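1. Build me a model:
(one chain, ligands or ions: 2)
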Amino acid sequence: MSVDRSWDVDEAPDTWHDGYDATARIVDAGSDTDERQVEAALRPKRLDDFPGQPRVREQLGLVLKAARRRGTPPDHVLLSGPPGLGKTTLAMIVASELEQPIRITSGPAIQHAGDLASVLSSLAEGEVLFLDEIHRMSRSAEEMLYLAMEDFRVDVIIGKGPGATAIPLELPPFTVVGATTRAGLLPAPLRDRFGFTGHLDYYTAADLVTILHRSARLLGLDADDDGIREISLRSRGTPRIANRLLRRVRDWAQVHGDGRVTHAAARQALELFDVDERGLDRLDRAVLEALCRRFNGGPVGLSTLAVAVGEEPDTVETVAEPYLVREGFMVRTPRGRAASTLAWEHLGLTPAVDAQSMWSATLPIEESGGGRFDS
Ligand SMILES: Nc1ncnc2c1ncn2[C@@H]1O[C@H](COP(=O)(O)OP(=O)(O)OP(=O)(O)O)[C@@H](O)[C@H]1O
Ligand SMILES: [Mg+2]
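-> Ligands and ions are numbered 1, 2, ... in the order given. Predicted coordinates for the structure are as follows:
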């Protein structure tokens, strides 16, 4: 007897248990097509107008300036780092600083070497070729790219089978700007062809304040310092999220307030959208609540934890966990996931005694906000 699993794909809802849709979360660092259009308007166009990432900005600035002085294209540039931190923005800036046109394509769009050959053979001298998600290119295209980056040459294969011949085609010098969220997945030979690699890191709250003020200005909003600061603290170090939260606060202020982005507007809007003071959303908090209240702080296995919050283990691991671990709310141990002191504190709970001794030899918890372990 065959098992009908069609409901798995056809009828199963995208969202499970209480409607949590991970792809629609307001604190997701990725973006969809509609959002990309809104984003384009907020992208800084020059390096001087790009706040944050001081090291990368200075290093890249130097590489570009020197190349401009020499009048030759700079080394190829690789930009790596998590989603929403400005890789695409910087790629565009490279082209505008060099005053060169930019050709934009991406790894998934280049599935055959031929796709790449046609892009490469149509590049003009000095042009910038932006390869987004470069780690997702096919192997054969990757090999063609090494050669093109190093020798400015592609071998065009004519014919098939034993009679096929490779005709070398000289290319004018150009600059590849590659972007990847997964630098570790790039094969070493490809990585080595980039003369400059900039690694983008999460932004400080102060940098996000600058970014948010700039975005508010571009959106024609009246925003005060406290309002902007409140948004910056909830943005998970990510400009894309910051700009998105700003747009939601704007909506709230225009409907319920006087249109101004103030501290009160930011707090109330972000409460409505379930983003708390540290940028945790409903799923993040559900995971921490389960860890602390149900499992006494852990450690507990991923699948048990996932069942407790009514999610797939994969969702917990890829959607909630990275930020919780990065911010020190959660610890991964060989025996499972555990809550840190910070998690207990954040939920206003007093840590269970053994959890406290296991995970937090340091700070005693002063606060007690009505948790289960208070009496
Ligand atoms: N330093 C910055 N200053 C101002 N805005 C920024 C900065 N970095 C990113 N942004 C804004 O954040 C949004 C996302 O940036 P961008 O598209 O460059 O990210 P990304 O790293 O390419 O993300 P992905 O990995 O998803 O492609 C854009 O609207 C951009 O304007
Ligand atoms: Mg991008």
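
2. Would you point out which residue is most central in the chain?
-> By C-alpha atoms, centre = their mean, the mean C-alpha position of the chain lies nearest to Pro83, the distance being 1.6 Å.

3. For that residue, list the residues it contacts.
-> Ala29, Gly30, Ser31, Thr181, Thr238, Arg240 (C-beta atoms under 8 Å, 6 or more residues apart in numbering). Every C-beta, even on glycine, is put in place using the N, C-alpha and C of the backbone.

4. wait, isn't the last one in contact with Pro82?
-> I take that to be Arg240. No: look at Arg240 against Pro82 with C-beta atoms under 8 Å: they stay out of range, at 10.0 Å.

5. So between the two, which is more surrounded?
-> More crowded of Arg240 and Pro82, by other C-beta atoms under 10 Å: Arg240, with 22 against 18.

6. Spatially, which residue comes closest to that one, not counting chain neighbours?
-> Closest residue to Arg240 in three dimensions, ignoring its sequence neighbours and counting by C-beta to C-beta, 6 or more residues apart in numbering: Gly84, at 3.1 Å.

7. same deal with Ala338?
-> Closest to Ala338 by C-beta to C-beta, 6+ apart is Gly298, at 3.7 Å.

8. Now do Ala306 against Ile241, distance only.
-> Here Ala306 is placed at a distance of 24 Å from Ile241 (C-beta to C-beta, to the nearest Å).

9. which of these two has more neighbours?
-> Per other C-beta under 10 Å, whichever of Ala306 and Ile241 has more neighbours is Ile241, with 24 against 19.

10. name the element the more buried one belongs to?
-> Following DSSP states H and E, one finds Ile241 within helix 239-256.

11. and if you look at Val177?
-> Applying DSSP H and E as the criterion places Val177 in strand 175-180.

12. If we go by neighbour counts, what in the next helix or strand after that strand is buried?
-> Heading C-terminal from strand 175-180, the first helix or strand you meet, by DSSP H and E, is helix 188-192. Neighbour counts using 16 or more other C-beta atoms under 10 Å place Leu190, Arg191 of helix 188-192 among the buried residues.

13. Which strands or helices does helix 188-192 pack on?
-> With contacts taken as 3 or more C-beta pairs under 8 Å, 6 or more residues apart in numbering; DSSP states H and E, helix 188-192 sits against helix 139-151.

14. burial measure for Arg70, as a count.
-> 9.

15. what's the spacing between the residue of the chain found nearest ligand 2 and ligand 1?
-> Of all residues in the chain, Thr88 sits closest to ligand 2, at 3.2 Å by C-beta to the ion. Distance of Thr88 to ligand 1, given as C-beta to the nearest ligand atom, to the nearest Å: 3 Å.

16. show me what contacts that residue?
-> Residues counted as contacts of Thr88 (C-beta under 8 Å, 6+ apart) are Arg43, Phe130, Asp132, Ala179.

17. can you list the domains in the protein?
-> 53-199, 203-272, 282-359 (automatic domain parsing).

18. mean pLDDT lowest for which of those?
-> Among the domains of the chain, domain 282-359 carries the lowest mean pLDDT, a mean of 91.

19. Which residues of the stretch 51-200 of the chain lie near ligand 1?
-> The stretch 51-200 of the chain comes close to ligand 1 at residues Pro51, Gly52, Pro83, Gly84, Leu85, Gly86, Lys87, Thr88, Thr89, Thr181, as judged by C-beta under 6 Å from any ligand atom.
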